[in-house]
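Colleague: Next input, structure requested:
(chains A, B and C)
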Amino acid sequence: MPEGPELHLASLFVNRMCEGVVFSGAVEKSEVSKNPEVPFCCDAYCIKAQSRGKEVRLTLSPIKSENYNKRKVSKDQSQQPMNVVFRFGMSGFFRFTAVDDLPKHAHLRFYTNETPRKVLSFVDPRRFGSWQPHGIWQPDRGPCIMFEYESFRENVLSNLSDKAFDRPICETLLNQKYFNGIGNYLRAEILYRLRIPPFVKARTVLEGLEPEDEEKKIVKQEITVSETADTSKKKGIEAETPDLLSLCHTVPLEVVKLGGKGYDPEKADYSTFQAWLQCYCVNGMNSLWDHNRRTMWFKGDPGPMAPKGSKSPKAKWKIQKDDHDYTDAKKTKRKCIDKAAGEKPVKQTASKRVKKETKTSKPQSGSKTLKSSNKRVKAEPADEIKKPKTVPLRTRTNKIKGQNGEEKIKEKKSVTCRKERTKAKPQRRSGGAKRGRTR
DNA sequence: CGTCCACGTCTAC
DNA sequence: TAGACCTGGACGG
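Modeller: Numbers count the residues shown, from 1 in each chain, chains lettered A, B, ... in the order given. Here you go, the predicted model:
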């Protein structure tokens, strides 16, 4: 769930689920996690959450009450609240379940004092996420794009001489020192709204923007289009087009407004988010790897700083957007991709990506299948449903798969590129081997 | 069964 | 500017 909106939704989730709930005992960490233990233990405490950009902070507060902690009242050094700051990596999220339903990959757990007990878990399958006990907002991260808009804007515009702005705008947008909360799907959606070519120098795009941004009332932008149009007519004021920094604020807030649904293909209503996406993973859009080999989705011209010979990664699961068939759009599907890919991909992107050492590590926490293994209902009529649950959008009728198959066109070409993944073989065995590095 | 890809940092050459 | 760090889903053979 990891971009600003998802982190914020996670904080809302925690506050909603934990309101009035009393937690008790020690905080428990999974065996496999390399993150630090959280040295907090209390007979009765509550949990509150707050988000800032791509971080979430939980505050564990001992409950003062004669009912709780009575025996140690004398202990003047009564426990103080503790902050734990989380980063979600690529796959982190919070869950609140019965103890018996502890999710797989629940790496940090807070237990309630109920009976039966329940547990708030930080779940993180890939373990790229992290937490810091006694944590503070990471100092190098800038103001939150959603909830510290004015200082965010100020921070960017007063530092345009920083070499961070020498890079293509799409890469600078991932720099958390200036865009705390923007991630890969947001950069695509934001640039797409303004049709800004992603590989144009960031400074070029940003210089000239007004520091204040006073005239455009952010609130106004949340009104429906028609309404806005109306208003501007009445007042005779031309509704100003939001600039890039304004969209860095409002676009993420749109996702927050979608509610429980952010980027999370596992959720049942993932389709709501999918329907919201206009560019990221949308069929018909172009994509290229940026200089960090992150996929940049865009439409039209990539811009002058596009990595030469960059390939367009093969996207499976592209979203089909036929619904509103405004004019063109549609029919272009896939052709764009071919084009990008076709531009003589100069395999140069060297290779790398070896790995795959099948480690022997066992599924740490319990076996997923245990208890209610039947979770997956599989109600659908087997035979030919194709699994891609992620493609619920209508129109999957004909094309879909077939279109993917289209790769056959230049397949040989792509094949050659792929091929060169030679090199290194897994060294190091799994498990305990590495493990050094603290913090 | 093997390959590729994924919402993000981190840190060694 | 490359990997490293991880698991798992979608696909291809």
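
Colleague: tell me the SS of the residue lying closest to A:Asp243 once chain neighbours are set aside?
Modeller: Counting by C-beta to C-beta, 6 or more residues apart in numbering, A:Asp243 lies nearest to A:Leu209, which is 5.3 Å off, once chain neighbours are set aside. Yep, even glycine has a C-beta here, placed from its N, CA and C like the rest. Here A:Leu209 is recorded as coil under DSSP: H, G, I helix; E, B strand; the rest coil.

Colleague: Pull up the per-residue confidence for A:Leu209.
Modeller: The score at A:Leu209 is 95. That number is its pLDDT.

Colleague: ok, so what distance separates it from DNA strand B?
Modeller: Noted for A:Leu209: a distance of 23 Å to DNA strand B, by C-beta to the nearest atom of the strand, to the nearest Å.

Colleague: what's near enough to touch A:Val14?
Modeller: Contact partners of A:Val14, counting by C-beta atoms under 8 Å, 6 or more residues apart in numbering, are A:47-49, A:56, A:58, A:94, A:96, A:120.

Colleague: Can you pull the phi and psi angles for A:Ala37?
Modeller: Actually, residue A:37 is Glu. It isn't Ala. A:Glu37 adopts backbone torsions of phi -70, psi 150, taken as degrees, to the nearest 10.

Colleague: pretty sure it contacts A:Lys29?
Modeller: Yes: A:Glu37 lies in contact with A:Lys29 (C-beta atoms under 8 Å); the separation is 5.4 Å.

Colleague: ok, back up a step: can you give me the separation between the residue nearest to A:Asp243 and A:Arg153?
Modeller: A:Leu209 sits 8 Å away from A:Arg153, going by C-beta to C-beta, to the nearest Å.

Colleague: still on that earlier bit, higher neighbour count, A:Glu37 and A:Lys29?
Modeller: A:Lys29 (17 against 12; other C-beta atoms under 10 Å).

Colleague: I'd assumed A:Pro39 was in contact with the more buried one.
Modeller: No: A:Lys29 is beyond contact range of A:Pro39, at 10.4 Å (criterion: C-beta under 8 Å).

Colleague: from memory A:Leu7 sits against A:Ala49, does it?
Modeller: No: at 9.7 Å, A:Leu7 does not count as touching A:Ala49 under the criterion of C-beta under 8 Å.

Colleague: if we can go back for a sec, how about CSV for the contacts of A:Val14, with neighbour count, pLDDT and distance to DNA strand B added?
Modeller: Shown next, in CSV, are those (neighbours: other C-beta atoms under 10 Å; pLDDT from 0 to 100; distance: C-beta to the nearest atom of the strand, whole Å):
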residue, neighbour count, pLDDT, distance to DNA strand B
A:Ile47, 20, 98, 22
A:Lys48, 16, 98, 22
A:Ala49, 23, 98, 17
A:Val56, 27, 98, 12
A:Leu58, 25, 99, 16
A:Phe94, 25, 97, 13
A:Phe96, 16, 96, 19
A:Leu120, 24, 98, 20
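
Colleague: ok, so of these, who is nearest A:Tyr270?
Modeller: A:Phe94 (17.6 Å; C-beta to C-beta).

Colleague: Which helix or which strand is home to that closest one?
Modeller: Using DSSP states H and E, A:Phe94 maps to strand A:93-98.

Colleague: which residues of the stretch 1-150 of chain A fall in strands?
Modeller: A:23-26, A:28-29, A:41-52, A:55-62, A:82-87, A:93-98, A:106-111, A:118-123, A:130-133 (DSSP state E, counting those that start in this stretch).

Colleague: Same list, those, but as TSV with distance to A:Ile319 please.
Modeller: Below are the strands of the stretch 1-150 of chain A laid out as TSV (distance: least, C-beta to C-beta, whole Å):
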stretch	distance to A:Ile319
strand A:23-26	40
strand A:28-29	37
strand A:41-52	27
strand A:55-62	28
strand A:82-87	27
strand A:93-98	22
strand A:106-111	30
strand A:118-123	25
strand A:130-133	31
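
Colleague: Determine the three-state secondary structure at A:Cys170.
Modeller: Per three-state DSSP, A:Cys170 ends up helix.

Colleague: So what's the residue count around it?
Modeller: Count around A:Cys170 with other C-beta under 10 Å applied: 30.

Colleague: In contact with the nearest residue to it once chain neighbours are set aside, which residues?
Modeller: Counting by C-beta to C-beta, 6+ apart, A:Cys170 lies nearest to A:Pro198, which is 3.6 Å off, once chain neighbours are set aside. With contact taken as C-beta under 8 Å, 6+ apart, A:Pro198 is in contact with A:168-170, A:187-188, A:191, A:288, A:290, A:296, A:298, A:302-303, A:306.

Colleague: Provide a PyMOL selection command restricted to the buried entries of these.
Modeller: Selection of buried members from these for PyMOL, criterion 16 or more other C-beta atoms under 10 Å:
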select buried, chain A and resi 168+169+170+187+188+191+288+290+296+298+302+303+306
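
Colleague: Reformat the contacts of A:Pro198 as a markdown table; add secondary structure and distance to A:Ser271.
Modeller: Formatted as a markdown table, the contacts of A:Pro198 follow (DSSP: H, G, I helix; E, B strand; the rest coil; distance: C-beta to C-beta, whole Å):
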| residue | secondary structure | distance to A:Ser271 |
| --- | --- | --- |
| A:Pro168 | strand | 32 |
| A:Ile169 | helix | 30 |
| A:Cys170 | helix | 26 |
| A:Arg187 | helix | 22 |
| A:Ala188 | helix | 19 |
| A:Leu191 | helix | 24 |
| A:Leu288 | strand | 27 |
| A:Asp290 | coil | 28 |
| A:Met296 | strand | 24 |
| A:Phe298 | strand | 23 |
| A:Pro302 | coil | 29 |
| A:Gly303 | coil | 32 |
| A:Ala306 | coil | 32 |
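
Colleague: circling back: how far away is the residue nearest to A:Cys170 from DNA strand B?
Modeller: A:Pro198 is 14 Å from DNA strand B, by C-beta to the nearest atom of the strand.

Colleague: Per-residue pLDDT of that residue, please?
Modeller: 98.

Colleague: Surely it forms part of a helix?
Modeller: No: under three-state DSSP, A:Pro198 sits outside any helix and is assigned coil.

Colleague: Show me chain A divided up by domain.
Modeller: Structural domains assigned to chain A are A:4-66+A:76-133, A:149-342, following automatic domain parsing.

Colleague: Verify the stated contact: A:Asn184 with A:Asp290.
Modeller: No: at 9.5 Å, A:Asn184 and A:Asp290 do not qualify as touching, with contact defined as C-beta under 8 Å.

Colleague: Report the contact partners of A:Val251.
Modeller: A:186, A:189-190, A:193.

Colleague: picking that back up, if I look at A:Leu209 and A:Arg153, which residues touch both of them?
Modeller: Common neighbours of A:Leu209 and A:Arg153 (C-beta under 8 Å, 6+ apart) are A:Leu245.

Colleague: Which of these two has more residues huddled nearby?
Modeller: Applying other C-beta under 10 Å to A:Leu209 and A:Arg153 shows that A:Arg153 carries more neighbours, namely 22 against 16.
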